[in-house]
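> take this sequence and fold it.
(2 chains)
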Amino acid sequence: QQQVKQSPQSLIVQKGGISIINCAYENTAFDYFPWYQQFPGKGPALLIAIRPDVSEKKEGRFTISFNKSAKQFSLHIMDSQPGDSATYFCAAATTSGTYKYIFGTGTRLKVLA
Amino acid sequence: DGGITQSPKYLFRKEGQNVTLSCEQNLNHDAMYWYRQDPGQGLRLIYYSQIVNDFQKGDIAEGYSVSREKKESFPLTVTSAQKNPTAFYLCASSSNRYSYEQYFGPGTRLTVT
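Presented below is the predicted three-dimensional model:
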């Protein structure tokens, strides 16, 4: 019940296309859902995060869509660029108590020029 | 310049030796975390600390030890009891009091032969 399932494992998108990465969770106590971007050999960097009281959050070309009833959330990267090529991780956490993150297994995105 | 520092970036040790990884933050964050990252896997929580002089085991604490004597420092010792210590180790911190966002350091790649 503590798992966060992330798909796909890898994704290839043409430049200018839309990249979509999906995550699903079971624990209804989760109430904070961040996405991280990681380049090879670097630490993950926070991209965008959402709370379950909204269904969508947009920051620039990055959008999180959240479906509370389905216990799913997804990251959409609009107008994908070669510089977006990285590994993306979703995570889930409860904001009461320990604030522990449960991470998905990551999606390796490659954007072709 | 605020942030999280991990040193060294690369570390090599012989099997049977204990090794300590450094993590320092000047963000005045209360909470600090250690994660392990293996290829094709998400980030797995080793230990976390929400306040000075207190820490809790994460999901894979066996073979590791930590201390939190100062707010800004959270060193991780990989002991000889850890069966597969070769990995990428990431330290993170969060305010928790004002936000739940975790900020990551650049990581230390440990290779044990």
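
> count of neighbours near the closest residue to B:Ser73 other than its chain neighbours?
The shortest distance from B:Ser73 to any residue other than its chain neighbours is 5.4 Å, reached at B:Glu24 (Cβ to Cβ, 6 or more residues apart in numbering or on different chains). To be clear about C-beta, it is placed using only N, CA and C from the backbone, and glycine gets the same treatment. Number of residues near B:Glu24 (other Cβ atoms under 10 Å in any protein chain shown) recorded here: 18.

> measure B:Ile4 to A:His76 for me?
29 Å (Cβ to Cβ, to the nearest Å).

> who has more neighbours, those two?
More crowded of B:Ile4 and A:His76, by other Cβ under 10 Å: B:Ile4, with 24 against 16.

> identify the residues contacting the more buried one.
A:43, B:23-25, B:27, B:91-93, B:103-106 (Cβ atoms under 8 Å, 6 or more residues apart in numbering or on different chains).

> now it. Nearest residue, chain neighbours left out?
B:Gly105 (3.7 Å).

> likewise for B:Ser65?
B:Thr77 (4.7 Å).

> how about B:Asn96?
Going by Cβ to Cβ, 6+ apart, B:Asn96 has B:Ala31 as its nearest residue, at 4.7 Å.

> how about the residues of chain B near chain A?
For chain B, the residues in contact with chain A (Cβ under 8 Å from any Cβ of the partner chain) are B:4, B:6, B:31, B:33, B:40-45, B:48, B:50, B:56, B:58, B:90, B:92, B:94, B:96, B:100-107, B:109.

> spatially central residue in chain B, please.
Centroid-nearest residue in chain B: B:Trp34, 3.0 Å away (criterion: Cα atoms, centre = their mean).

> which residue sits closest to that one, ignoring its sequence neighbours?
Nearest residue to B:Trp34, sequence neighbours excluded (Cβ to Cβ, 6+ apart): B:Ile46, at 4.3 Å.

> tell me which element the one you found falls in.
strand B:43-51 (DSSP states H and E).

> list the pairing partners of that strand within its sheet, with orientation.
Using DSSP bridges, strand B:43-51 pairs in its sheet with strand B:31-37 (antiparallel), strand B:54-57 (antiparallel).

> most packed of these?
strand B:31-37 (a mean of 25; mean count of other Cβ atoms under 10 Å in any protein chain shown).

> may I have that strand as PDB, with CA atoms only?
Coordinates of each C-alpha in strand B:31-37 appear next as PDB, following Å, rounded to 0.1, in the frame of the first residue of the first chain:
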ATOM      1  CA  ALA B  31      14.700  17.700   8.500                       C
ATOM      2  CA  MET B  32      17.400  15.800   6.600                       C
ATOM      3  CA  TYR B  33      17.300  12.500   4.700                       C
ATOM      4  CA  TRP B  34      19.600   9.900   3.200                       C
ATOM      5  CA  TYR B  35      18.600   8.000   0.100                       C
ATOM      6  CA  ARG B  36      20.200   5.300  -1.900                       C
ATOM      7  CA  GLN B  37      19.800   5.100  -5.700                       C
END
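
> what residues does it touch?
With Cβ under 8 Å, 6+ apart as the test, strand B:31-37 has contacts from A:99, A:101, B:23, B:25, B:43-51, B:58, B:60, B:64, B:66, B:68, B:74, B:76, B:87-96, B:102, B:107.

> now stretch B:93-109: how far from the chain's centre is it?
Distance, stretch centre to chain centre, for stretch B:93-109: 11 Å (Cα atoms, centre = their mean, to the nearest Å).

> list the buried residues for it?
Using 16 or more other Cβ atoms under 10 Å in any protein chain shown as the test for burial, stretch B:93-109 gives B:93-96, B:100, B:102-105, B:107-108.
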